[in-house]
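> Okay, sequence plus prediction incoming.
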Amino acid sequence: VRVAGNLATVRWGPGPLQAPPSKKPAPSEGGQGGGYDASAPPTAPSTVEVVGIEYDDPGLGKHDGTHQGSRLFTCPQGYGSFVKVEKIELGVSVQRAIASKYFEGVLPAAATKSKREECVDAEEYVDSK
């Protein structure tokens, strides 16, 4: 799969997980000036449908497959992440994944079949005799 253009492997899910608490304070009841009410009770945590993934490249993940103290899958530290189902891109073929991972920098920008044929036709044949 791909997540934000980065290759990854699904290791867990999809399944519901408790969403992390909001970093924004609760809005005030009065609605005047768009302020926030520090005395407002915290909202109940919601659940989200996620997939546990292991990124192919280091440093893209935030953990090793543990969510709130529970091990859901295993991967090296810094490779794992939980991603909302709607944010993953499915349907990457094995060939595309391999080419993208190992040959992207070596090959020109996805040469088409016609371009390859032109290159072959342009080569001159030299007899070895």
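Looks like it arrived, so ask away. Residues are numbered from 1 along each chain as shown.
> Tell me the spacing between Thr66 and Lys101.
Relative to Lys101, Thr66 is positioned 26 Å away (criterion: CB to CB, to the nearest Å). No exception for glycine: its C-beta is placed from N, CA and C like everyone else's.
> swap in His67?
If you measure His67 against Lys101 using CB to CB, the figure is 27 Å.
> which of the two has more neighbours?
For His67 and Lys101, the more surrounded residue by other CB atoms under 10 Å is His67, and the numbers stand at 17 against 11.
> Touching, that one and Pro16? I think so.
No. Assessed by CB atoms under 8 Å, His67 is found out of contact with Pro16, at 11.2 Å.
> State the helix or strand in which Ala97 lies.
Assigned by DSSP states H and E, Ala97 belongs to helix 94-98.
> Could I get the CA-only coordinates of that helix as CSV?
Taking Å, rounded to 0.1, in the frame of the first residue of the first chain, the C-alpha atoms of helix 94-98 are listed here in CSV:
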residue,chain,number,x,y,z
VAL,A,94,4.1,-6.1,-6.9
GLN,A,95,5.9,-5.0,-10.0
ARG,A,96,5.2,-1.3,-9.3
ALA,A,97,6.2,-1.6,-5.7
ILE,A,98,9.6,-3.3,-6.6
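> And for it, what's in contact with it?
Outside helix 94-98, the residues within contact range by CB atoms under 8 Å, 6 or more residues apart in numbering are Leu7.
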